[in-house]
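# starting from these lines, generate the structure:
(chains A and B)
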Amino acid sequence: MLLSRRITIIAGHYGSGKTEFAVNLALSAAKSAQVTLADLDIVNPYFCSREREEELADAGVTLIAPAKSTHHADVPALPPEVARIFADQDRFSIIDAGGDDAGARVLGRYRPQLDAADPDLWIVLNANRPQTSSPKQALALLRRIEAACSRRCTGVVNNTHLCGMTRPEDVLKGAALAKQVAGDAKVPVVCHLATQEIFTQISPGDLSGERFPIVIRMKKPWE
Amino acid sequence: MAFELWKGNEAIAEAAVRAGCRFFFGYPITPQNEVPEYMARRLPEVGGCFLQSESELAAINMVYGAAGAGARVMTSSSSPGISLKQEGITYMAGAELPAVIVNVMRGGPGLGTIQPAQGDYYQATRGGGNGDYRLVVLAPNTIQEAVDLMQEAFDIADCYRNPVMLLADGMIGQMMEPLEWHEPRHRELPPKDWAAAGLHGRGSHNIINSLFIDPLACERHNNRLQEKYRLMEQRELRFEERGCEGAEVLFVAYGSPSRIVMSAVDLLAAQGVKAGLLRPVTVWPYPYERLAALSREPSVKAVVAVEMSAGQMLDDVKIAVGGCKPVTFVGHTGGVIPTQHEIAAAALAALGR
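Modelled structure (predicted):
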């Protein structure tokens, strides 16, 4: 299992694929552990983990999300159930934060609990996102997210894709970016994300580090 | 050029900057917030000015002012915010001021929802403000098309001295897609010698105004505007046809629903039913003539309009079809998105299968 600490925070740039990763991570971890996924994206109500409620429930993942009445809203209200993440010592919890430092700022609300729990904070990078395509830009965003949520980053996740147009070269380009950013931030590259179909086209010698195959869950209405 | 992954709203904002837009005035509203958010960071980098106004009314009147001074300027909002801007838009049409207005539509009426919708079609294509005026209304269905159209929109506005609207739905604004940046087709543009930007040696002031006290003078002004709108109809019409040849079912849809329709076309093909799509890229001017011709094709048994509204573009479909074939409608309101399966089922029902 990829998760090592009891709580793992997934953060990153808008559109980097945080939610796709968080949902896949929860579904994967649920095969061998009790897992809670907390959708704390209250900045933007489109393409959120809570849209995958049924699949998560079927896999036995406990979803914590904004109240039903605000599922489709962008009101700055956090679900009270988040407290369970810190109380349930026998479960793994994944926090899917909103995009950028603006989205990570909600975590400041839980600073005392997070300081006590000492969670992982993984920053998802997509080298095809123009605002985080250079190591300098990506590191600057990583630092802004750290400052907004008062936690140190503990790992970088390479999720470099182009939706349906993703090629193996994208993953490799992202691996180079992730390596540089992780090196600068003195943290490890946690894993590379891609579909199994893409991974089979990349030889072991070309990509070092853990591969985390994903199934695309956050689909557009015509997909 | 290499492909990059962009969010619709950000991409629309960057496209405006690349088209030379240096002024943005607006007020936040979901689902278009990433447009002003991006502009707030980006415009100072290129010597432009971003200003979050105290209201939508203030924003559109700032757009009026900057356009009157000859600047490339835009605003963006979502449905209720666009309603608030209608007064400024008709004033700009009356005063013949070029600007680009982006509407990332959400569910209505009133405050509605913040999910994607297309309930502002009447407002966009019929003139949401007072008086006889028209806007060229561009309705992209991919982020690539949104940036291509956005880059051209400023030229269209300057070419006719008229506001241009980019009509997107929340899905276009919020989703992520790969895109390539293209150099837009640049037009020969008339000089902005009408702008209220100083005398520059002239003997008299330029006056930007939409008030005509004398009814005959106002009608002369209107007649000139109407001539301009006829030119736009002749020159600015855009549409796309997908698989219309020999189609039994002719779908008509714009924006995000047109992509769901294409998935429904595949479902129907698997069942042996040939379906095609006519997609208006400009919803004003509207492809009446092409739709009229396609609907009269002998193979076409049914015309199916698909919208995220209670049926607004449907009126234009019926005007074009003119009763020659049955027209059915699939629509949802309030931010509910039609599914490919219900669209395919509606097409089969229209064929009596």
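# can we go C-alpha only for contacts and neighbour counts from here?
Will do.
# run a quick neighbour tally on A:Arg211.
The tally of other residues near A:Arg211 (other CA atoms under 10 Å in any protein chain shown) stands at 16.
# can you list contacts of stretch A:197-204?
If you take CA atoms under 8 Å, 6 or more residues apart in numbering or on different chains as the criterion, stretch A:197-204 is touched by A:166-168, A:211, A:213.
# before we move on, what about stretch A:139-146?
With CA under 8 Å, 6+ apart, stretch A:139-146 has contacts from A:11-13, A:100-102, A:104-105, A:123, A:132, A:152-153, A:181, A:184-185.
# hey, where'd the helices end up in the stretch 251-353 of chain B?
B:256-270, B:288-295, B:313-321, B:340-350 (DSSP state H, counting those that start in this stretch).
# how about the residues of the stretch 151-300 of chain B that lie near chain A?
B:174-178, B:259-263 (CA under 8 Å from any CA of the partner chain).
# now neighbour count too, for the residues you listed, in a markdown table please.
Rendered in a markdown table, the data for those read as follows (neighbours: other CA atoms under 10 Å in any protein chain shown):
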| residue | neighbour count |
| --- | --- |
| B:Gln174 | 27 |
| B:Met175 | 18 |
| B:Met176 | 26 |
| B:Glu177 | 21 |
| B:Pro178 | 22 |
| B:Arg259 | 21 |
| B:Ile260 | 23 |
| B:Val261 | 29 |
| B:Met262 | 22 |
| B:Ser263 | 20 |
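# show me which of the residues you listed is closest to A:Lys220.
B:Met175 (7.9 Å; CA to CA).
# doesn't B:Lys7 make contact with the closest one?
Yes. With contacts counted by CA atoms under 8 Å, B:Met175 reaches B:Lys7, the gap being 5.6 Å.
# circling back: give me the subset of the contacts of stretch A:139-146 lying in helices.
Members of the contacts of stretch A:139-146 lying in helices (criterion: DSSP state H): A:100-102, A:104, A:181, A:184-185.
# please identify the helix or strand for A:Ile94.
strand A:92-97 (DSSP states H and E).
# who does that strand pair up with?
Next to strand A:92-97 in the sheet, as set by DSSP bridges, lie strand A:7-12 (parallel), strand A:35-40 (parallel).
# same list (those) but as a markdown table, adding mean pLDDT, mean neighbour count and distance to B:Leu351.
Below are the strands paired with strand A:92-97 laid out as a markdown table (pLDDT from 0 to 100; neighbours: other CA atoms under 10 Å in any protein chain shown; distance: least, CA to CA, whole Å):
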| stretch | mean pLDDT | mean neighbour count | distance to B:Leu351 |
| --- | --- | --- | --- |
| strand A:7-12 | 97 | 26 | 49 |
| strand A:35-40 | 95 | 26 | 44 |
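# for those strands, which one sits closest to B:Arg72?
strand A:7-12 (33.4 Å).
# quick check: the gap between the closest residue to chain A within chain B and B:Leu277.
Chain A sits closest to B:Ile260 of chain B, with a gap of 4.4 Å, by CA to the nearest CA. According to CA to CA, to the nearest Å, B:Ile260 stands 11 Å off from B:Leu277.
# ditto for B:Gly8
Distance from B:Gly8 to B:Leu277, counting by CA to CA: 23 Å.
# in contact with the residue lying closest to A:Arg151 once chain neighbours are set aside, which residues?
Leaving aside its sequence neighbours, A:Arg151 sits nearest to A:Leu121 (CA to CA, 6 or more residues apart in numbering or on different chains; 7.3 Å). Counting by CA under 8 Å, 6+ apart, A:Leu121 makes contact with A:8-11, A:151-155.
# closest one of those residues to chain B?
A:Ala11 (17.0 Å).
# picking that back up, go through the contacts of stretch A:197-204 and say which is closest to A:Asp41.
Using CA to CA, those come closest to A:Asp41 at A:Pro213, 23.7 Å.
# tally of neighbours for that closest one?
A:Pro213: 19 neighbours (other CA under 10 Å).
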